[in-house]
Each structure stands twice: as structure tokens, then as C-alpha cells.
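K.L.:
Predicted model follows, preceded by the sequence.
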Amino acid sequence: MIRNKRTGFGLQAVLASLLVAVIFLGGCTTTQNEKVYHVGVLSGLSFVADITDGLKAKMTELGYTEGKNIVYDVQKMDFDMVAYRSALNKFVDDKVDVIVVFPTEASMEAKKATEGTGTPVVFTFALIEGMGLVDSIREPGGNITGVRYPGPDIVLKRFEIMHEMVPQAKRFLVPYQRGYPIVDPQLEALRPAAEAAGITLVELPASNATELQAYLDPRNKSADAGFDAILIIVEPLAVTPDAFGALGKFAYEHKLPIGGALMAAGDYKSIFGVNVNDIAVGRQTAPLVDKVLRGTPAGTIPVVSADSYFQINYKAAQAFGLNVSEGLLARADEIIR
């Protein structure tokens, strides 16, 4: 009787051990066989490169662990069309599960590069008005969806705030990248607003920082620069370090306020910026990527819009001798003192 009990107990122990081993091995097999997603990220403008950080943070919250079940191939560049195309073609050749891309021009290149390949694209920080990027907000179509950058709305806010901060200024220099597609829709919105406010827009298209400098140099010795303030609209040139450095140096030397995008280059800083929050936009992009990775066709996922974010550099405004009203300070999402 005693031996039988012991034998029965021993058999139960062996069976229990086998069961544990099966469960353990089954768990290991599941982990080993878990799908590893490959995401190509084209970070096409250093000014907003933090979008990638927001994307990764939110993807982690959604259950994706970098190096375990998701791998990111992040290609960073700064408004370089040739580099855009090279990186996108590599993503397609590598058969990534989805391409995340920003800003607008890079997103448009991504749409071209993936046409007919089946590779889904999720854009972010991209204007869609007049760009042909999507069919509509509710049904973007094709293999693409993303987070819309509200460009025309933002450029009007930038104009209104500059006019409020510098009411004596009647001529705004507006530098922008020559031939850049997102500029025209903004100027179409901006011109009537400026006319109604009695403001003259001194439009300055340029291909690079060297051209901007060539425009500014002869005005260094003139008593009248030909403009009273510098308004940065939504475009890539003025927010690159070299271009902003040239504009900022001229602005400080001639006491001409510069603002629109929150920028700094050495001792030169803009007085305010209206934009979208990079980290927030990256986080807003992640759920769209998640849907694509779970099998939803990108073209059926409605486009979402980013919210604008208003920052005042109070110290920079004081350097230009500006008095910022309490009402304007109260409207700011962030005040840099």
C-alpha cells in the first residue's frame, strides 16, 4: 500500500513536470515565432526630427518593443530630394511592413516610390491641400494615410500673431523655398489677410541660404531694409540652420523682429512660433501605424489632423524691444523666459 502510494505520487510528479515543460516550451515557441515588424522611417527635416521619438514612445505603449517585435530603420536627412528617393527605394527593396514619412515633399515622394508595390505609407507633418497626396480625408485611397499638417490655418495664425506683436510693422519679408509645392496654398490664404490688415508682403523665393544672404547683403548698408519684420511661413528653407542663421543675424543687427516658427541659431532667436508639437504628432501617428500592421489597408484609414501649438520666446521679444500683451501671453501654450 505504501509503495503504491509513493509510486502514484511519483507518477503525478512526473506528469506535472511534463505538463510544465510543455507549457514552457509552447511559450518559448510562441515567442520565437512572434512576428517582427519592420518599419522604415524617413525623417526628412531636422527641424521636426523629434516626431520619431513620439512615434516610438506611443508604439511602445501599444505593445511594440523595439528589438523584440518591431525594428525601426530611421533615415535622417534635411530637405534632400535625392536622399529622399534613395531611402524610399531602399525601404521598398527591403520589403518593410510600413513606411512612416515626413514632411510633405518626402511624403509625396513616398507615394510615388511605393506605387504598385503594396508597401503601405503613413505620412505625418504633411500638408494635403492641393498636394494630390490623398483622395479625401475620410477615404485617402491607394496605399496611404496619415496625419495632416494644418498649414493654411497655421500660416494665418502666424500672420495674426506677428501683426499683434509688431503692430507698427507694415511690411513683412516672407522668405520661402523656391518652387516648393506647399507654399502656394499658404500665400493664397495669406495675401488677402495681409491686404485687409494693410500689410505689404515682400515675398522672397530662394533656392538656398546663399541666395537669401545675397538678397540681404546689399541691404546691410541701407537705412531702409525694405521691410519691417520677417515672417516665417510653413516651408523648409527658413528653418534650416544656415538660412535661419542668415535671417536671424540680419534681424538682430537691424532690430527687425523675426517670428513664425520657433527657431534659434547661436545668439539669434525668433520671437514666437506656431506649429504642431513634434512629440504629440509622432504619438498621433502611431495608432495609424498600428492599424496598418494589424492588417487594415492604409488607404481605408481616415486622415487625422494635428493641433497647432503656440510658443512665445519672451526673452527674444524683449531683445527687440517688444511689449507682449497679457492677452497674447494667456493664449500661448508655452512661454520661454
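P.N.:
Thanks, I have the structure now.

K.L.:
quick one: low-confidence parts of the protein?
P.N.:
The model of the chain has pLDDT under 70 over residues 1-33.

K.L.:
Centre-most residue in it?
P.N.:
The centroid of the chain falls nearest to residue 125 when counting by Cα atoms, centre = their mean (3.9 Å).

K.L.:
So what sits opposite the closest residue to that residue other than its chain neighbours in the bridge?
P.N.:
Spatial nearest neighbour of residue 125, excluding adjacent residues (Cβ to Cβ, 6 or more residues apart in numbering): residue 102 at 4.0 Å. Where you see a C-beta, it was placed from the backbone N, CA and C, and this is true even at glycine. Legend: beta-bridge partners of residue 102 under DSSP bridges are residue 43.

K.L.:
I figured residue 102 was touching residue 45, is that so?
P.N.:
Yes. Between residue 102 and residue 45 there is a contact at 6.9 Å, judged by Cβ atoms under 8 Å.

K.L.:
more neighbours, the two?
P.N.:
Neighbours per residue (other Cβ atoms under 10 Å) separate residue 102 from residue 45, with residue 102 holding more: 30 against 21.

K.L.:
how near is that one to residue 335?
P.N.:
Distance of residue 102 to residue 335, computed by Cβ to Cβ, to the nearest Å: 27 Å.

K.L.:
got it, and residue 95?
P.N.:
Here the criterion is Cβ to Cβ. By it, residue 95 lies 47 Å from residue 335.

K.L.:
of these two, who's got more company?
P.N.:
residue 335 (17 against 11).

K.L.:
State the helix or strand in which that one lies.
P.N.:
Per DSSP states H and E: residue 335 is located in strand 334-336.

K.L.:
which other residues reach that strand?
P.N.:
For strand 334-336, contacts defined as Cβ atoms under 8 Å, 6 or more residues apart in numbering pick out 262, 309-316, 329.

K.L.:
re earlier: name the residues contacting each of residue 102 and residue 45.
P.N.:
With contacts taken as Cβ under 8 Å, 6+ apart, residue 102 and residue 45 have residue 125 as neighbours in common.

K.L.:
would the residue nearest to the centre of the chain count as being in a strand?
P.N.:
Yes. Residue 125: assigned to a strand according to DSSP: H, G, I helix; E, B strand; the rest coil.

K.L.:
my read: it touches residue 276, true?
P.N.:
Yes. Contact criterion Cβ under 8 Å: residue 125 and residue 276 qualify, at 6.9 Å.

K.L.:
Now for the two: what residues contact both?
P.N.:
Contacts common to residue 125 and residue 276, judged by Cβ under 8 Å, 6+ apart, are 149, 306.

K.L.:
quick one: residue 238 and residue 47, what's the gap?
P.N.:
Taking Cβ to Cβ as the measure, residue 238 and residue 47 are separated by 10 Å.

K.L.:
between the two, who's got more neighbours?
P.N.:
residue 238 (29 against 20).

K.L.:
quick one: the residue lying closest to that one once chain neighbours are set aside and residue 144, what's the gap?
P.N.:
On the basis of Cβ to Cβ, 6+ apart, the spatially nearest residue to residue 238 that is not a chain neighbour turns out to be residue 232, at 4.6 Å. Noted for residue 232: a distance of 28 Å to residue 144, by Cβ to Cβ.

K.L.:
Kindly report the same for residue 190.
P.N.:
Counting by Cβ to Cβ - residue 190 and residue 144 are separated by 28 Å.

K.L.:
What of residue 69?
P.N.:
24 Å.

K.L.:
ok so residue 172 is a helix residue?
P.N.:
No. Using three-state DSSP, the assignment for residue 172 is strand, not a helix.
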